[in-house]
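**Q** could you look at this predicted model? Sequence included:
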Amino acid sequence: MSFFESEIVQEEAKKLFTDYQNLMQLGSDYGKFDREGKVMFIETMENLMERYKVFMKRFELSEDFQAKMTVEQLKTQLSQFGITPDQMFDQMNKTLLRMKSELDK
């Protein structure tokens, strides 16, 4: 079975995409949130990032050709912006840390 034919992979991909879209839509009102709402948003984003890291690690560890190509395509796309996947996650973490530090401002 191909990596992408796995029901688990398909379900997690769909859930990640849907959760990300919903979170970004919600995040457009981030400035209107009270402190607790901002904390919840940040925690949800951290959780989503961890799920995405695990999902991408599955791609990296897979022996499936399509999975390996997907990883290479991501690396190529990110390299056009001058970053690696690790740098992308580091930047996302820095952004969340900054958001946390600004909670009480």
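**A** The structure has been received and is ready for your questions. This structure is a prediction, so every number in the text was calculated from the model and none was measured. Numbering: from 1, shown residues only.
**Q** center of this structure, which residue is that?
**A** Of all residues in the chain, the one closest to the mean position by Cα atoms, centre = their mean is residue 49, 3.9 Å from it.
**Q** hang on, that residue packs against residue 92?
**A** Yes. Look at residue 49 against residue 92 with Cβ atoms under 8 Å: they come within range, at 5.7 Å. Using the backbone N, CA and C atoms, a C-beta is placed for each residue, glycine as well.
**Q** measure the residue nearest to the centre of the chain to residue 90 for me?
**A** The gap separating residue 49 from residue 90 is 11 Å, by Cβ to Cβ, to the nearest Å.
**Q** pLDDT value on residue 105, please?
**A** Note on residue 105: pLDDT of 71.
**Q** quick one, grab the pLDDT at residue 1.
**A** Looking at residue 1, the pLDDT reads 66.
**Q** now do residue 59
**A** At residue 59, pLDDT is 89.
**Q** against which helices or strands is the strand or helix carrying it packed?
**A** Taking DSSP states H and E as the definition, residue 59 sits inside helix 35-61. Other elements packing on helix 35-61 under the criterion 3 or more Cβ pairs under 8 Å, 6 or more residues apart in numbering; DSSP states H and E are helix 7-27, helix 65-79, helix 85-101.
**Q** I'd like those as JSON lines, with mean pLDDT, distance to residue 43 and mean neighbour count appended.
**A** Output for those, formatted as JSON lines (pLDDT from 0 to 100; distance: least, Cβ to Cβ, whole Å; neighbours: other Cβ atoms under 10 Å):
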{"stretch": "helix 7-27", "mean pLDDT": "93", "distance to residue 43": "11", "mean neighbour count": "12"}
{"stretch": "helix 65-79", "mean pLDDT": "92", "distance to residue 43": "25", "mean neighbour count": "13"}
{"stretch": "helix 85-101", "mean pLDDT": "94", "distance to residue 43": "9", "mean neighbour count": "13"}
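**Q** having no further points to raise, I will conclude here.
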